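K.L.:
build the 3D model from these lines:
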Amino acid sequence: MRLGPAGGLVDAHHHVWNPDRLPQPWLDEPGHEPIRRTFGMSDLHVAATRAIAGRRLECTVVVQCVASVTETRELLALADTDPDTDPEIGAVVGWADLTSPAVGEVLDDLSSGPGGRYLRALRHLVQDEPDPQWLQRPSVERGLRAVQERGLAYDVLIRSHQFDQVVRLAERFPGLPLVLDHAGKPPIAQGELSTWAADVRRLAAYPQVRCKVSGLVTEADHRTWATDGIRPVWEVLLAAFGPDRLMFGSDWPVCVLAGGWDRWATTVDELLDDCSPAETSAVLAGTATNFYRLKAALERDGGTPCS
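P.N.:
Okay, the predicted model is just below:
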């Protein structure tokens with residue numbers, strides 16, 4: 001792993017997919033035409049050409065897209081069979097049916113299979129669940145206990161109106177490391193952030209919660225957004241969580257819909273202008289490395305830590 005003078009950059013949230021092998025039904029929605037094709041690690045290598053604060057992309061966390069154990073197995077196998085990719089996959093956020101009584105057995109099977117050592121967290125598309133208390137269902141809580149018992153974390157994917165159930169989750173599971181994907185999808189395009197900001201502050205009061213600075217450009221107007229429109233969101237996140245609880249994510253290739261990896265990287269570079277080197281390092285590598293245990297994983301495998 002070739003670290004630059006400022007250290008390496010960790011992308012804590014990106015995806016790979018091949019719709020011909022594993023269908024991605026959400027890609028059929030209008031507006032997704034630019035990303036309705038296969039995206040692999042080699043595509044990310046080509047796309048992510050810009051440094052942030054002097055850091056080049058070295059390590060990534062690949063995240064599930066569909067409710068499929070098959071996809072999770074493929075992502076783990078990808079991490080396992082391509083350890084020398086540039087950038088390198090350091091962790092996988094997978095999926096398992098939290099409502100299943102057998103979820104613990106499924107997690108054990110995933111962890112013991114090819115690439116199982118890369119499994120660091122689970123995720124479910126809570127954003128698509130109409131039940132406003134889905135995360136509090138007894139069956140889901142049983143599944144989350146199985147996640148916690150196995151030393152895994154949980155990525156929370158919600159829309160901005162679903163914060164109540166995430167706050168309850170944080171309250172009921174103080175020992176489960178949580179990370180809020182895409183900052184809870186603030187309604188940037190609508191321009192009304194006060195309710196979202198208050199909810200972020202409520203959630204940030206729970207010390208086990210981290211937050212990804214990712215997915216923001218696709219919540220803005222895809223054609224007209226600018227850094228000045230993202231900055232109010234960044235300021236809320238920085239004040240609520242602090243840099244040691246924030247992590248950079250590209251949400252690539254979804255970010256292609258609103259400018260791509262390099263344009264988002266340029267924006268993040270600008271947002272970090274007033275941060276100290278230590279704060280910048282936390283957002284760009286340290287928080288993700290600690291949360292997803294990237295350093296321990298890479299050192300155990302004989303590699304160089306991401307940060």
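
K.L.:
any regions of the protein where pLDDT drops low?
P.N.:
By pLDDT under 70, the weakly predicted segments of the chain are 1-6, 82-85, 295-307.

K.L.:
most distant residue from the middle of it?
P.N.:
residue 101 (26.4 Å; C-alpha atoms, centre = their mean).

K.L.:
ok, and the closest non-adjacent residue to that one?
P.N.:
Of all residues not flanking residue 101 in the chain, residue 142 sits nearest, at 7.6 Å (C-beta to C-beta, 6 or more residues apart in numbering). Using the backbone N, CA and C atoms, a C-beta is placed for each residue, glycine as well.

K.L.:
same thing with residue 169?
P.N.:
Counting by C-beta to C-beta, 6+ apart, residue 135 is the residue found nearest to residue 169 once chain neighbours are left out, at 4.8 Å.

K.L.:
ok, the one you found - contacts?
P.N.:
The neighbourhood of residue 135, defined by C-beta atoms under 8 Å, 6 or more residues apart in numbering, consists of 126, 141, 144, 165, 166, 168, 169.

K.L.:
ok, back up a step: element containing the residue farthest from the centre of the chain?
P.N.:
Using DSSP states H and E, residue 101 falls within no helix or strand.

K.L.:
if I look at it, how far off is residue 143?
P.N.:
Applying C-beta to C-beta, to the nearest Å, the value for residue 101 to residue 143 is 9 Å.

K.L.:
in the top helix by length along the chain, what's buried?
P.N.:
For the chain, the longest helix by residue count, based on DSSP state H, is helix 227-241. Along helix 227-241, these residues count as buried under the neighbour rule (16 or more other C-beta atoms under 10 Å): 229, 230, 233, 234, 236, 237, 238, 240, 241.

K.L.:
now swap in stretch 159-167 and tell me
P.N.:
160, 162, 163, 164, 165, 166, 167.

K.L.:
look up phi and psi at the last one.
P.N.:
Residue 167 adopts backbone torsions of phi -60, psi -40, taken as degrees, to the nearest 10.

K.L.:
which outside residues touch the helix or strand harbouring residue 110?
P.N.:
Per DSSP H and E: residue 110 is located in helix 103-112. Under the criterion C-beta under 8 Å, 6+ apart, residues 69, 72-73, 76, 94, 96-97, 100, 116-117, 119, 122, 142-143, 146-147, 149-150, 152 lie in contact with helix 103-112.

K.L.:
export it as PDB, just CAs?
P.N.:
Only the C-alpha atoms of helix 103-112 are listed here, as PDB (Å, rounded to 0.1, in the frame of the first residue of the first chain):
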ATOM      1  CA  VAL A 103     -29.600 -14.900  11.700                       C
ATOM      2  CA  GLY A 104     -26.900 -15.900  14.100                       C
ATOM      3  CA  GLU A 105     -26.100 -19.000  12.200                       C
ATOM      4  CA  VAL A 106     -26.000 -17.100   8.900                       C
ATOM      5  CA  LEU A 107     -23.600 -14.600  10.400                       C
ATOM      6  CA  ASP A 108     -21.400 -17.400  11.700                       C
ATOM      7  CA  ASP A 109     -21.400 -19.000   8.300                       C
ATOM      8  CA  LEU A 110     -20.500 -15.800   6.500                       C
ATOM      9  CA  SER A 111     -17.700 -15.100   9.000                       C
ATOM     10  CA  SER A 112     -16.200 -18.600   8.500                       C
END
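
K.L.:
is it correct that residue 162 is in contact with residue 128?
P.N.:
No. Between residue 162 and residue 128 there is no contact under C-beta atoms under 8 Å: 10.4 Å.
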